[in-house]
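Visitor: have a look; sequence and predicted model below, questions after that.
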Amino acid sequence: MKAKRRVVTDIGPPMPSRAAVQRRGRTSGQSSAGATRASEPGSRPVPPPAQLDGPIDLTVDLGRGLVLPNPILVASGTFGYGIEYGEVVDIEALGGICCKGTTLRPRVGNPTPRVTETPGGMLNSIGLQNPGVDAVIAKYATTWERWRVPVIVNVAGESVEDYVEVVRRLDGIPGIAGIELNISCPNVGRGGLQFAIDADAAAGVTAAVRRATDLPLLVKLSPNVADVRPIARAIADAGADALTAVNTLSGIAVAGSRSRPLLGNIYGGLSGPAIKPVALRVVYEVSQVVDIPIIAIGGITGLDDVLDFLAVGAVAVQVGTAIFADPTLPVRLVGELEDACRAHGHRSHLGFVGTALPRRAAAPSSKGVEYRP
Ligand SMILES: Cc1cc2nc3c(=O)[nH]c(=O)nc-3n(C[C@H](O)[C@H](O)[C@H](O)COP(=O)(O)O)c2cc1C
């Protein structure tokens, strides 16, 4: 393990525990944006609180010295290495950049076609095309070091040893603020079973990486599981500093000829607005069973989506597919979130967090087996 990296931004107040955030969110007496939506059945109009003057604190403390300047990040695979967007976007205004998935060795990616549109979303099978960790460090780290915005390197691998080796090489490199483990990869050692769909495999790779680095460690959950909660708990217990949720949903499309699946890899990952309800459900469930921060991802295209994810317990979000249509969206959302805080009388966006969560853990069912779609 090499020397600790620099602290990325000013240290703000430490992130409160999830329970504290939930209590605060529900007892502040301030309305959340969600609670004032006029179109909701049964909702009563709530008079808006007085507009706040003075500074709004949007910082997010993920632990181990990583304090995001604000809760709007860009998602891995949709913003390159950050450098590509420098001409069109004020990168320094972002809360963080999750760079493209990085592997030990270079990868050429999957056969084409790799991308297709679907109603409300997009299906991609890029296949983790990237130049490999050494080239990523050589090409980008010195630029990242000059930026104020934290760059979090998304790491992928086919074995625990792969992940550990990539992270060892990233550890101590100036300009790298944290690691996001993409564990939606087939584990070659276990017959191709994805790390992300098995609690033991997910915990095993998290614990091994934890031992290899002091860098802040985020682990990205897959929505492609029957029950994500035991997996999230296992990852948190194994030493992750934060969870990111969710990666894409597995899907396929059929070629126009109907003689084969459309994508060269057959399977692709569904992203965009189509997956938002699934991502919301995952964040809602996970935020009730772990105490580490959750960064939500899935179908964000506007401020309402951000506020919805905060309401179910996320403390920050990542914008992904929507960037392809409008690269300026994430930066705009930072300003819009600050305005929303002022309009709702919150000194920090944490005032929006957890407002849609149950007041207490649900009592055990007394009705026997219940239908849950
Ligand atoms: C083209 C593309 C490439 C992606 N590459 C990665 C990747 O390398 N690593 C990763 O963890 N997630 C990757 N993702 C998933 C996104 O980071 C994000 O989790 C997902 O797209 C859901 O968010 P969205 O609906 O806002 O796009 C990729 C998504 C897309 C669309």
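Guide: Received the coordinates, thanks.
Visitor: going forward, measure contacts and count neighbours with C-alpha atoms only.
Guide: Fine.
Visitor: tell me the contacts of the residue most central in space within the chain?
Guide: Residue closest to the average C-alpha location in the chain (C-alpha atoms, centre = their mean): Thr244, at 3.5 Å. Applying C-alpha atoms under 8 Å, 6 or more residues apart in numbering to Thr244 gives the contacts 218-221, 294-297.
Visitor: and the ligand, which of those residues reach it?
Guide: The subset of those within reach of the ligand, by C-alpha under 6 Å from any ligand atom, is Ile297.
Visitor: strands - which of the contacts of Thr244 land there?
Guide: Judged by DSSP state E, strands contain the following of the contacts of Thr244: 218-221, 294-297.
Visitor: is the residue nearest to the centre of the chain in a helix, a strand, or coil?
Guide: Assigned with DSSP: H, G, I helix; E, B strand; the rest coil, Thr244 falls in the strand class.
Visitor: report the beta-bridge partner residues of it.
Guide: Listed by DSSP bridges, the beta-bridge partners for Thr244 are Lys220, Ile295.
Visitor: any idea how far it is from Val160?
Guide: Taking C-alpha to C-alpha, to the nearest Å as the measure, Thr244 falls 19 Å from Val160.
Visitor: with Gly251 instead?
Guide: On the measure of C-alpha to C-alpha, Gly251 and Val160 end up 26 Å apart.
Visitor: the stretch 101-250 of the chain: strands as residue ranges?
Guide: For the stretch 101-250 of the chain, strands defined by DSSP state E, counting those that start in this stretch occupy the ranges 115-118, 121-124, 151-155, 178-182, 186-187, 193-194, 217-221, 242-245, 249-251.
Visitor: still on that earlier bit, with respect to Glu84, which of the contacts of Thr244 is nearest?
Guide: Within the contacts of Thr244, proximity to Glu84 (C-alpha to C-alpha) peaks at Ile297, which comes in at 21.3 Å.
Visitor: wouldn't the closest one be in contact with Val246 here?
Guide: Yes - look at Ile297 against Val246 with C-alpha atoms under 8 Å: they come within range, at 5.3 Å.
Visitor: more neighbours: these two, which one.
Guide: Neighbours per residue, other C-alpha atoms under 10 Å: of Ile297 and Val246, the larger number sits with Ile297, 31 against 25.
Visitor: residues in the stretch 51-200 of the chain within reach of the ligand, list them.
Guide: In this structure, the stretch 51-200 of the chain approaches the ligand at residues 75-78, 100-101, 124, 128, 182, judged by C-alpha under 6 Å from any ligand atom.
Visitor: could you dump those to TSV with neighbour count and pLDDT?
Guide: Converted to TSV, these look like this (neighbours: other C-alpha atoms under 10 Å; pLDDT from 0 to 100):
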residue	neighbour count	pLDDT
Ala75	26	98
Ser76	25	97
Gly77	18	97
Thr78	19	97
Lys100	23	95
Gly101	24	97
Asn124	22	96
Leu128	21	93
Asn182	24	97
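Visitor: could you identify the most distant pair in the residues you listed?
Guide: Of all pairs drawn from these, the greatest distance, 15.6 Å, lies between Asn124 and Asn182 (C-alpha to C-alpha).
Visitor: all helices for the stretch 151-300 of the chain, in order.
Guide: For the stretch 151-300 of the chain, the helices defined by DSSP state H, counting those that start in this stretch occupy 160-170, 199-212, 229-237, 276-286.
Visitor: which one of Gly251 and Val160 has more residues nearby?
Guide: Val160 (21 against 14).
Visitor: what sits closest to the more buried one if chain neighbours are left out?
Guide: Nearest residue to Val160, sequence neighbours excluded (C-alpha to C-alpha, 6 or more residues apart in numbering): Val205, at 5.4 Å.
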